[in-house]
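Visitor: Here is a sequence together with a model predicted from it:
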Amino acid sequence: MEIQRPRGTADLLPGTVEAWQVLERIVRDTLATANYQEIRTPVFEHTELFERGVGDTTDIVTKEMYTFEDRGGRSVTLRPEGTAGAVRAYVENKLYGQGNISKLYYIGPMFRYEKPQKGRFRQFHQYGVEVLGSEGPAIDAEVIHLNLTVLQRIGLKNLQVELNSVGCSVCRPRHKAQMVALLTPRRDELCKECQERLEKNPLRIFDCKNEHCHTVLKEVGAPYITDVLCEDCSEHFQSVQAYLTAMSVPFVVKKDLVRGLDYYTRTAWEVTSPGFTTIAGGGRYNGLVEQVGGPATAGIGFGGGIERALWVLAEQGGSLTDAQTVDAFVAVADTSAERTAMAVLATLRGRGISADRDYQGRGMKSQFKLADRMNAKFVVILGEAELASGKATVKDLATGQQEEVPFAELASWIEERVKGAAVGGHEA
RNA sequence: GUGAGUGUGGCGAAGGGGUUAACGCACCGGAUUGUGAUUCCGGCAUGCAUGGGUUCGAUUCCCAUCACUCACCCCA
């Protein structure tokens, strides 16, 4: 049997990679406008990093990690998300020693052992930012603003920012205690999973899809974390909203928003579009750097799914690319012109003019069809007559007009006419 | 991880236990001389996801495996 790609992975073929290139370009350009710098970290890390960083009660760690032993008997894991690795690198390379905040971004593959579905893969790709070293609400607003801006520039419509605060090490335990006190008497009525959540992370009960669980929540008067924030968190949350408003970032507060990772504190958000799953999401993680072994350092970041952004874009009827084009197609009318054709190709390419030809011995008619399919702008015809006269016949495929151009002037002639027009794939 | 559905050429698809597996698109070649459209002509699956079983005979029935899709879970 033919070898197939592993489940949940995808081949990106010519025709679709172009959109990825454009999207990545948009991400880089947008983040550069806010002075973010790229960081590249390993695609696998010691398993312990994720267990400690992401949290060992999360779904990601308990059932979705690609973990294996390497030949040295070490347990390593393909990264399921980008934050843990970035934070590890920040600590290991002592970036905090520079005294400034670090504004970082990454783009790359992530891995999660899940059952693949639409918009969900085992190897998927994210771009994301991490800001280390600032606690102030202004940076929250900047990061959320960037998160949304990238998506807008990609061309997505009907985007919605859902915002919440999940508290800190002061208010979270307090909230947890209240939840446990209120819900334990009616523990038996909760679904099996919520009974577990009650012990590990009661906040997540709000996330439950089970109706009866919600009824119980209401009846006992279980408070949203947002309603019982400590003073500092409450103030922070208010400020974030004020800054967002100042930056004209529309958002809605969603009190039951809980993110899937344990490390979030205070600000948490998701960006969605009605009818789709989460396209991007992020939050603040003030305790994470310490947990990974660094000095107490505030952090905040987001991750966006490339497949999901492209999927939603396509569903909304948008696209990111035009087909790649070629400036000149060199048509060989007679085998005696073969060498000249190769020379012309080399010359044109040397001048930065994209050029291609037929390598399958096709006839004239087929070569023109090929040129047409490549979206070539000009066809340079080389045959006996041209060799004899020292002039190439050049046809402008858009107008259908032909001209004789001396070999020596060919490159400049084409360059003049092609200049200014977007040359295939160099511009976003 | 649980449940359901699907799997025929590059793509979309018809078919159905018995000796030529429709059709459309795409692709390739041709319609007298070295030129892109349309039209016309011709070509293009010893094969119906893979492996096994039932049968005189299977691509059509059964089982397993793999993949994809959908729902749940959760998320990007």
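Guide: Thanks, I have it.
Visitor: Quick one: the strands in the stretch 201-350 of chain A, in order.
Guide: For the stretch 201-350 of chain A, the strands defined by DSSP state E, counting those that start in this stretch cover A:252-253, A:265-272, A:280-284, A:299-305, A:328-332.
Visitor: Switch those over to JSON lines; also include mean neighbour count, mean pLDDT and distance to RNA strand B.
Guide: Any C-beta I mention is one placed from the backbone N, CA and C, and that applies to glycine too. JSON lines is the format used below for those (neighbours: other Cβ atoms under 10 Å; pLDDT from 0 to 100; distance: least, Cβ to the nearest atom of the strand, whole Å):
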{"stretch": "strand A:252-253", "mean neighbour count": "12", "mean pLDDT": "94", "distance to RNA strand B": "17"}
{"stretch": "strand A:265-272", "mean neighbour count": "24", "mean pLDDT": "93", "distance to RNA strand B": "6"}
{"stretch": "strand A:280-284", "mean neighbour count": "26", "mean pLDDT": "94", "distance to RNA strand B": "4"}
{"stretch": "strand A:299-305", "mean neighbour count": "25", "mean pLDDT": "95", "distance to RNA strand B": "3"}
{"stretch": "strand A:328-332", "mean neighbour count": "25", "mean pLDDT": "95", "distance to RNA strand B": "7"}
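Visitor: of all of the stretch 201-350 of chain A, which residue lies closest to RNA strand B?
Guide: Closest to RNA strand B within the stretch 201-350 of chain A is residue A:260: 2.1 Å, counting by Cβ to the nearest atom of the strand.
Visitor: Give the residue spans of the stretch 1-150 of chain A that score low on pLDDT.
Guide: Low-confidence segments of the stretch 1-150 of chain A, defined by pLDDT under 70: A:1-2.
Visitor: please redo it, this time with the cut-off set to 80
Guide: Residue ranges of the stretch 1-150 of chain A with pLDDT under 80: A:1-4, A:56-57, A:62, A:98.
Visitor: can you give me the strands in it?
Guide: Using DSSP E, counting those that start in this stretch, the strands of the stretch 1-150 of chain A run over A:37-38, A:44-46, A:66-69, A:75-78, A:102-111, A:123-132.
Visitor: Give me the helices and strands touching the last one, please.
Guide: Using 3 or more Cβ pairs under 8 Å, 6 or more residues apart in numbering; DSSP states H and E as the contact test, the elements touching strand A:123-132 are helix A:17-32, helix A:83-92, strand A:102-111, helix A:137-154, strand A:299-305, helix A:306-315.
Visitor: angle of that strand against helix A:83-92?
Guide: Using axes from the mean of the first three to the mean of the last three Cα atoms, to 10 degrees, the direction of strand A:123-132 lies 40 degrees away from that of helix A:83-92.
Visitor: which ones are touching residue A:331?
Guide: A:357, A:358, A:364, A:367, A:368, A:371, A:379, A:380, A:381, A:382 (Cβ atoms under 8 Å, 6 or more residues apart in numbering).
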